[in-house]
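# Sharing a model prediction with you, sequence too.
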Amino acid sequence: MTFGVRTALRGIGTTIFSEMTALAQRTGAVNLGQGFPDTDGPAGMLAAAQQAIAGGLNQYPPVDGLPVLKEAIVQARQNRYGMAYDPATEVVMTAGATEAIAAALLALCEPGDEVVLFEPYYDSYLANVAMAGATHRAVPLRPTDDAAVAGSRAGAGFAFDPDDLRRAVSPRTRLIVLNSPHNPTGKVFTRAELELIAQVCVERDLIAVTDEVYEYLTYDGLEHVPLASLPGMRERTVTISSAGKTFSCTGWKIGWALGPAELVGAVRKAKQFMTFASGTPFQAAVAHALTHELDWVAELAKSLQERRDLLQAGLTAAGVRTYPAHGTYFLQADAASWGYADGGELCRDLAEHGGVVAIPTQVFYDDPANGRGLVRFAFCKRPEVLADAVSRLSTFRPSEGK
Ligand SMILES: Cc1ncc(COP(=O)(O)O)c(C=O)c1O
């Protein structure tokens, strides 16, 4: 007798990030695959967590989060973007942004609904769309050399065709998921692009779910603009973010969703039967960090920009074509620079014989052929680790792996 997995989940395997991290551990390669920092967050936040544990904050918190965390989330949003939310009804804490995204899609989609995603997309979106019994349509972000279109300061970047977006919306479309700053491309969506997305949402009466986990990590003077801040969007947007990337504590899994009470109430309903609640002492520490550690975050963004430069300059000097990354932890490079047509093949050979782990960008696409020539490197590592990786990447030759 065999017991199968639900049809919708059959195509879903182990995430590529776990797979590549295991490969890095087995081969001793430098791991520029999974996006997690190799240094800790602000000392004050770590101390706040220890104090919360010692002080007895170790039982279930309220389902939507400790009041002190909800207040801090709302206040930080107000200070940074001038947007007001009611901490009592318009914010819910989640187990990372991952749970917020899952809860939003499960709570807001009916089976048969369509969800629009920009591709390449973060892998959990697709799994969650499938779990909700919905289907998706992808709007491709394509490499372009037109800096103005890409919103790039560096000559090239990724952009979508407005007609692709309009074509992706059908009478069955329920919502659009937008991730900016964008993993895996490092793109920060421009105000003009966001206005277009907002216009489509308003015209077609769609909900927007925004994944803003890299909201503080933008470079080169580019600003993160929340989609919810555009006209007509606040009332239809679930804004999702988390502490993991902002405060270098990806293992704490403290995330949140903000939005109008009706939408956030739906997210709360779903999440109460997923984790119910989690991370009480870490919630207290993140409340501290959102209130007292944002200068630390500004320094983190500066340091990440320098580390991006270190990796990018090293790759360029080695004759590798890279794309600008104005936000996030990631930059894209052309597999062809190492003589590979397929980024997946390059990543396997690099891990086995080149001593570096990267992620093949094709895993973030519906049709892997679209991202076949690209690989993603994470630069959220210490400068000496990046320098070591650059020296390995510069000397790697395909023939060594074949
Ligand atoms: C775009 C994007 N969304 C969500 C997440 C997950 O966030 P969290 O760790 O808060 O669940 C990540 C983590 O890499 C991410 O890159």
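Perfect, thanks for sending it. Residues are numbered from 1 along each chain as shown.
# where does the stretch 101-250 of the chain dip in pLDDT?
Scanning the stretch 101-250 of the chain with the threshold set as pLDDT under 70 gives 147-155.
# How many residues are close by the spatially closest residue to residue 218 that is not a sequence neighbour?
Using CB to CB, 6 or more residues apart in numbering and skipping the chain neighbours, the partner closest in space to residue 218 is residue 327 (4.3 Å). Using the backbone N, CA and C atoms, a C-beta is placed for each residue, glycine as well. By other CB atoms under 10 Å, 27 other residues sit near residue 327.
# Dihedrals phi and psi, residue 327?
phi -160, psi 180 (degrees, to the nearest 10).
# need the contact list for it.
180-182, 186-188, 214, 217-219, 222, 224 (CB atoms under 8 Å, 6 or more residues apart in numbering).
# Residue 319 falls within a strand, correct?
No - using DSSP: H, G, I helix; E, B strand; the rest coil, the assignment for residue 319 is coil, not a strand.
# Hmm, it is touching residue 336, no?
No - between residue 319 and residue 336 there is no contact under CB atoms under 8 Å: 10.8 Å.
# residue boundaries of the strands in the stretch 51-200 of the chain?
Under the criterion DSSP state E, counting those that start in this stretch, the stretch 51-200 of the chain contains strands at 91-95, 114-119, 135-140, 142-144, 157-159, 173-179.
# what does the stretch 51-200 of the chain put close to the ligand?
Neighbours of the ligand within the stretch 51-200 of the chain, by CB under 6 Å from any ligand atom: 96-98, 122, 179, 183.
# Return the member of those residues nearest to the ligand.
When these are ranked by distance to the ligand (CB to the nearest ligand atom), residue 96 comes first, at 2.4 Å.
# Identify the residue nearest the closest one in space, chain neighbours excluded?
residue 253 (3.8 Å).
# again, but for residue 363
residue 16 is the one closest to residue 363 (CB to CB, 6+ apart), at 4.6 Å.
# Neighbours of that neighbour, how many?
Neighbourhood size, residue 16 [other CB under 10 Å]: 19.
# Enumerate every residue touching it.
123, 359-360, 363.
# Same question for residue 8.
Residues near residue 8 by CB under 8 Å, 6+ apart: 130-131, 133.
# so how far is residue 374 from the residue nearest to residue 363?
Separation of residue 16 from residue 374 (CB to CB, to the nearest Å): 14 Å.
# Identify the contacts common to those two.
Joint contacts of residue 16 and residue 374 (CB under 8 Å, 6+ apart) are residue 360.
# Now residue 61: phi and psi?
Backbone torsions of residue 61, given as degrees, to the nearest 10, read phi -90, psi 170.
# And the contacts of stretch 35-43?
Residues from elsewhere that reach stretch 35-43 (CB under 8 Å, 6+ apart): 17, 46, 183, 245, 247-251, 289, 293, 296, 328-330, 378, 380-382, 385.
# Just the buried residues from those residues, in ChimeraX please.
Here is the ChimeraX selection string for the buried members of those, based on 16 or more other CB atoms under 10 Å:
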select :183,245,247,248,249,250,289,293,296,328,329,330,378,380,381,385
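# mind listing which of the contacts of stretch 35-43 are in strands?
The strands, defined by DSSP state E, take in 330, 378 from those.
# Let me see the contact set for the residue of the stretch 151-300 of the chain found nearest the ligand.
Residue of the stretch 151-300 of the chain nearest the ligand, by CB to the nearest ligand atom: residue 242 (3.2 Å). Contact analysis of residue 242 by CB under 8 Å, 6+ apart lists 94, 96-97, 100, 213, 253-256.
# Please apply the same query to residue 83.
Taking CB under 8 Å, 6+ apart, we find residue 83 in contact with 77, 226, 228-229, 234.
# One more: residue 28?
Counting by CB under 8 Å, 6+ apart, residue 28 touches residue 355.
# try the one 4 residues further on
The contact partners of residue 32, taken as CB under 8 Å, 6+ apart, are 311, 356-358, 377-379, 381, 386, 389.
# circling back to that earlier point, now that we have the contacts of residue 327, which one has the most neighbours?
The most crowded member of these is residue 187, carrying 30 neighbours; neighbours defined as other CB under 10 Å.
# Could you tell me how far that one is located from residue 328?
Residue 187 sits 8 Å away from residue 328, going by CB to CB.
# so what's in contact with those two at the same time?
Listed as contacting both residue 187 and residue 328 by CB under 8 Å, 6+ apart are residue 181.
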